[in-house]
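Trainee: Let me see the structure of the following:
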Amino acid sequence: MTVRDILLLGNPRLYEVCEPVKKEELPRLQSTINDLHDTMMEFRRKYKAGRAIAAPQIGVMKRLIYMHIDEPIVFINPTLQDLSVDMIEVWDDCMCFPELLVKVRRHKSCTIQYRDMNWNQKAIDLEDSLSELIQHEYDHLDGVLAVSRAIDSKSFALRGQSTPGVAQD
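Mentor: Residues are numbered from 1 along each chain as shown. A predicted model of the protein is given here:
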C-alpha cells in the first residue's frame, strides 16, 4: 500500500495544466493508479469522504482521474462534452483543502469521453452529483481548483459548520 502526500491548497503545482497520457506510458500507469487508489482510500478512512481523485493531486501531472464508488474506474485523457445548460449549486469539498467547503455552480449533466486501461475510447453520461464530481476532478487536470469557482465571497465554510447539501469529492 502506497499512500502519497496530497498537494494542499497553495501548492503552485495544483495550478499547472496536465500533460496527456501517451499510449506507450500505459505499462507504467498501473503504479500511479494503485497510488491514487491507496491515497483516496486512506483519505476516505480519515475524513469519511472521497469518491475520486485526479493525478495532479498527488503530484503526477498527467490527465488521469481515478474514481471509486461502486467499482473502480480510470479515466485517461478525459474530455467533457454535452455540458447541460441547467446548473446546480453545491457545497464542494476537495482533498487538497479537507476542512474547507466552497459553494460552486456546476453543470447538472455532462458526458465524459476517455480512454480506458486498454486504450479503448469510452463515454459515460453523468448527472447530478456524479456530473459535479467529474467536473471537479476534470478541473484539477487544467489547474483549476474549486476555490476559483466560488459563487461569491460568502461561498466558503469550514467543515463541521451547518452546510446542507455538501458534495463529497
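Trainee: just the helices in this structure please.
Mentor: Counting by DSSP state H, the chain has these helices, from start to end: 26-47, 128-141.
Trainee: and residue 98, which of those is closest to it?
Mentor: Of all the helices of the chain, helix 26-47 sits nearest to residue 98, with 5.5 Å by C-beta to C-beta. All C-beta spots, glycine's among them, are computed from the backbone N, C-alpha and C.
Trainee: The closest one - contacts with which helices or strands?
Mentor: Helices and strands touching helix 26-47, by 3 or more C-beta pairs under 8 Å, 6 or more residues apart in numbering; DSSP states H and E, are strand 52-54, strand 64-68, strand 72-81.
Trainee: 7 Å instead, please
Mentor: If you count contacts as 3 or more C-beta pairs under 7 Å, 6 or more residues apart in numbering; DSSP states H and E, helix 26-47 packs onto strand 52-54, strand 64-68.
Trainee: Export the helices of the chain as JSON lines, with columns for distance to residue 66, mean pLDDT and mean neighbour count.
Mentor: Listed next are these as JSON lines, based on distance: least, C-beta to C-beta, whole Å; pLDDT from 0 to 100; neighbours: other C-beta atoms under 10 Å:
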{"stretch": "helix 26-47", "distance to residue 66": "4", "mean pLDDT": "96", "mean neighbour count": "16"}
{"stretch": "helix 128-141", "distance to residue 66": "9", "mean pLDDT": "97", "mean neighbour count": "21"}
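Trainee: can those helices go into TSV with extra columns for distance to residue 151?
Mentor: TSV is the format used below for the helices of the chain (distance: least, C-beta to C-beta, whole Å):
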stretch	distance to residue 151
helix 26-47	23
helix 128-141	14
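Trainee: one step back: out of the helices and strands packed on helix 26-47, which comes closest to residue 132?
Mentor: Nearest of the helices and strands packed on helix 26-47 to residue 132, taken as C-beta to C-beta: strand 52-54 at 10.7 Å.
Trainee: one step back: could the helices and strands packed on helix 26-47 go into JSON lines alongside mean pLDDT?
Mentor: Below are those laid out as JSON lines (pLDDT from 0 to 100):
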{"stretch": "strand 52-54", "mean pLDDT": "98"}
{"stretch": "strand 64-68", "mean pLDDT": "98"}
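Trainee: Pull the number of nearby residues for the closest residue in space to residue 144 that isn't next to it in sequence.
Mentor: In this structure, residue 144 finds its nearest non-sequential neighbour in residue 15, 8.0 Å apart by C-beta to C-beta, 6 or more residues apart in numbering. Other residues within reach of residue 15 by the criterion other C-beta atoms under 10 Å amount to 13.
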